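J.: Here's my sequence, what's the structure:
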Amino acid sequence: MRTDPDPPNTRPTHAMRLLVIVAEGAIERPLLEQARELGAISYTVADVRSGGEGGPREATWEADRSVEIKIVCPETVADRIAEHVLARYARHYWVRMFVADVGVFRPERF
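T.: Below you'll find the model as predicted:
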């Protein structure tokens, strides 16, 4: 039987911010490049379907495609990226964003 010297419940976590951006697929590439320039080290992207007051975005054709971008980073970086997205994209593209406080085990990765 293996004994773990550091049980998972006692490992310390480090405070970070999770920024989630759901947006039109058309802006995925420039948005990711700009997020990196603004301090994001890593991200996760998934194709998603979504809907809201403007109706569904079902991704039945390329121009209707939506992506969900998750970025875990320090709060200052998340704020900088969110402000940039609001200023540059939110007025002309379908964009939704939210944030949450998270704890990470290896902060050097974020």
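J.: Every contact and neighbour count from this point should use C-alpha atoms.
T.: Will do.
J.: For Asp47, give me its contacts.
T.: Residues near Asp47 by C-alpha atoms under 8 Å, 6 or more residues apart in numbering: 65-68.
J.: let's go with 6 Å and repeat that
T.: By C-alpha atoms under 6 Å, 6 or more residues apart in numbering, Asp47 lies in contact with 66-67.
J.: ditto for Asp101
T.: Shown in contact with Asp101 (C-alpha under 6 Å, 6+ apart): Arg17.
J.: hang on, it is in a strand, isn't it?
T.: Yes: applying DSSP: H, G, I helix; E, B strand; the rest coil, one finds Asp101 inside a strand.
J.: Pull up the gap between it and Phe110, please.
T.: Distance of Asp101 to Phe110, computed by C-alpha to C-alpha, to the nearest Å: 14 Å.
J.: Give me the common contacts of the two.
T.: Both Asp101 and Phe110 lack any common contact, where contact means C-alpha under 6 Å, 6+ apart.
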